[in-house]
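In: Fold the stuff below for me.
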Amino acid sequence: MGSMVFCRGCGKEIHESAKACPQCGATQGVQSQGTKSRVTAALLAFFLGAFGAHKFYLGKIGQGFLYLIFCWTFIPSIIAFIEFIIYLCDSDESFAKKYG
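Out: Numbering: from 1, shown residues only. Here you go, the predicted model:
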(Lines give C-alpha, C1' and ligand atoms only; values in the text may rest on other atoms or scores of the structure.)
Protein backbone atom coordinates (compact mmCIF):
# COMPACT_ATOMS: atom_id res chain seq x y z
CA MET A 1 0.00 0.00 0.00
CA GLY A 2 2.94 2.38 0.53
CA SER A 3 4.14 4.12 3.62
CA MET A 4 2.72 7.25 5.11
CA VAL A 5 4.56 10.32 6.38
CA PHE A 6 3.48 13.49 8.11
CA CYS A 7 3.07 16.82 6.31
CA ARG A 8 5.77 19.37 7.08
CA GLY A 9 3.17 22.14 7.17
CA CYS A 10 0.13 20.89 9.06
CA GLY A 11 1.14 17.46 10.39
CA LYS A 12 -1.61 15.54 8.56
CA GLU A 13 -0.69 12.02 7.50
CA ILE A 14 -0.05 11.83 3.73
CA HIS A 15 1.48 9.31 1.30
CA GLU A 16 5.27 9.46 1.05
CA SER A 17 5.22 10.15 -2.70
CA ALA A 18 3.01 13.26 -2.35
CA LYS A 19 4.75 16.39 -3.57
CA ALA A 20 2.30 18.66 -1.77
CA CYS A 21 -0.13 18.20 1.11
CA PRO A 22 -3.77 17.99 -0.06
CA GLN A 23 -4.88 19.61 3.21
CA CYS A 24 -2.68 22.71 3.44
CA GLY A 25 -0.83 22.69 0.11
CA ALA A 26 2.64 22.75 1.67
CA THR A 27 5.31 21.33 -0.59
CA GLN A 28 7.08 18.31 0.82
CA GLY A 29 10.88 18.13 0.84
CA VAL A 30 12.54 15.38 -1.11
CA GLN A 31 15.02 13.52 1.08
CA SER A 32 18.31 12.40 -0.48
CA GLN A 33 17.39 13.46 -3.99
CA GLY A 34 20.95 13.37 -5.28
CA THR A 35 23.96 11.29 -4.53
CA LYS A 36 26.47 14.12 -4.98
CA SER A 37 27.75 15.82 -1.85
CA ARG A 38 27.93 19.61 -1.80
CA VAL A 39 30.83 19.56 0.67
CA THR A 40 32.80 17.03 -1.41
CA ALA A 41 32.35 19.16 -4.53
CA ALA A 42 33.48 22.25 -2.60
CA LEU A 43 36.60 20.52 -1.27
CA LEU A 44 37.48 19.19 -4.71
CA ALA A 45 37.03 22.68 -6.16
CA PHE A 46 39.32 24.14 -3.50
CA PHE A 47 42.14 21.58 -3.61
CA LEU A 48 41.98 20.19 -7.16
CA GLY A 49 39.86 22.79 -8.93
CA ALA A 50 42.61 23.84 -11.32
CA PHE A 51 42.43 20.37 -12.86
CA GLY A 52 38.61 20.23 -12.94
CA ALA A 53 38.24 17.44 -10.38
CA HIS A 54 34.99 18.93 -9.06
CA LYS A 55 33.55 19.08 -12.59
CA PHE A 56 34.35 15.42 -13.20
CA TYR A 57 32.79 14.57 -9.82
CA LEU A 58 29.58 16.44 -10.73
CA GLY A 59 29.35 14.65 -14.09
CA LYS A 60 30.31 17.65 -16.24
CA ILE A 61 33.01 15.84 -18.20
CA GLY A 62 33.34 18.42 -20.99
CA GLN A 63 33.92 21.25 -18.54
CA GLY A 64 36.38 19.07 -16.66
CA PHE A 65 38.45 18.60 -19.81
CA LEU A 66 38.41 22.36 -20.43
CA TYR A 67 39.81 22.89 -16.94
CA LEU A 68 42.52 20.30 -17.66
CA ILE A 69 43.46 21.86 -21.00
CA PHE A 70 43.76 25.37 -19.57
CA CYS A 71 45.13 24.54 -16.11
CA TRP A 72 48.51 26.07 -17.02
CA THR A 73 46.87 29.52 -17.38
CA PHE A 74 45.66 29.60 -13.75
CA ILE A 75 42.25 30.80 -14.99
CA PRO A 76 40.58 27.50 -13.95
CA SER A 77 42.09 27.99 -10.48
CA ILE A 78 40.39 31.36 -10.10
CA ILE A 79 37.08 30.04 -11.41
CA ALA A 80 37.30 26.97 -9.17
CA PHE A 81 37.87 29.15 -6.12
CA ILE A 82 34.74 31.15 -6.98
CA GLU A 83 32.82 27.88 -7.46
CA PHE A 84 34.16 26.69 -4.08
CA ILE A 85 32.56 29.72 -2.43
CA ILE A 86 29.32 29.23 -4.38
CA TYR A 87 29.11 25.56 -3.36
CA LEU A 88 29.58 26.47 0.30
CA CYS A 89 26.95 29.24 0.19
CA ASP A 90 24.43 27.14 -1.75
CA SER A 91 21.75 25.19 0.11
CA ASP A 92 21.66 21.41 -0.04
CA GLU A 93 18.27 21.45 -1.77
CA SER A 94 19.28 23.78 -4.59
CA PHE A 95 22.59 21.90 -5.01
CA ALA A 96 20.66 18.63 -5.34
CA LYS A 97 18.37 20.19 -7.95
CA LYS A 98 21.33 21.35 -10.02
CA TYR A 99 23.64 18.35 -9.69
CA GLY A 100 21.53 15.55 -8.15
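
In: Can you name the next helix or strand after the longest helix along the chain?
Out: Looking across the chain with DSSP state H, the single longest helix is helix 75-89. Counting by DSSP states H and E, the next helix or strand C-terminal to helix 75-89 is helix 92-99.

In: can you pull out the helices in this protein?
Out: Using DSSP H, the helices found in the chain span residues 38-48, 53-57, 61-69, 75-89, 92-99.

In: can you list the domains in this structure?
Out: Annotated domains of the chain cover 1-30, 38-99 [automatic domain parsing].

In: Kindly report which one of the ones you listed carries the lowest mean pLDDT.
Out: Set side by side, these give their lowest mean pLDDT on domain 1-30, at a mean of 79.

In: Just the buried residues of it, please?
Out: Neighbour counts over domain 1-30 (16 or more other CB atoms under 10 Å) mark Cys7, Ile14, Cys21, Gln28 as buried. For glycine as for every other residue, the C-beta is placed from the backbone atoms N, C-alpha and C.

In: from the middle of its chain, how far away would it be?
Out: Distance, stretch centre to chain centre, for domain 1-30: 23 Å (CA atoms, centre = their mean, to the nearest Å).

In: same check, this time on stretch 43-53
Out: The chain centroid and the centroid of stretch 43-53 are separated by 16 Å under CA atoms, centre = their mean.

In: Give me the contact list for it.
Out: Contacts with stretch 43-53, where a contact means CB atoms under 8 Å, 6 or more residues apart in numbering, come from 54, 57, 63-68, 71, 74, 76-77, 79-81, 83-84, 87.

In: just the buried members of those?
Out: Using 16+ other CB under 10 Å, the buried members of the contacts of stretch 43-53 are 54, 57, 63-64, 66-68, 71, 76-77, 79-80, 83-84, 87.

In: closest to Lys36 among those residues?
Out: Among the buried ones among the contacts of stretch 43-53, Tyr57 lies closest to Lys36 (CB to CB), at 7.0 Å.

In: what's the closest non-adjacent residue to the closest one?
Out: Counting by CB to CB, 6 or more residues apart in numbering, Tyr57 lies nearest to Leu44, which is 5.4 Å off, once chain neighbours are set aside.
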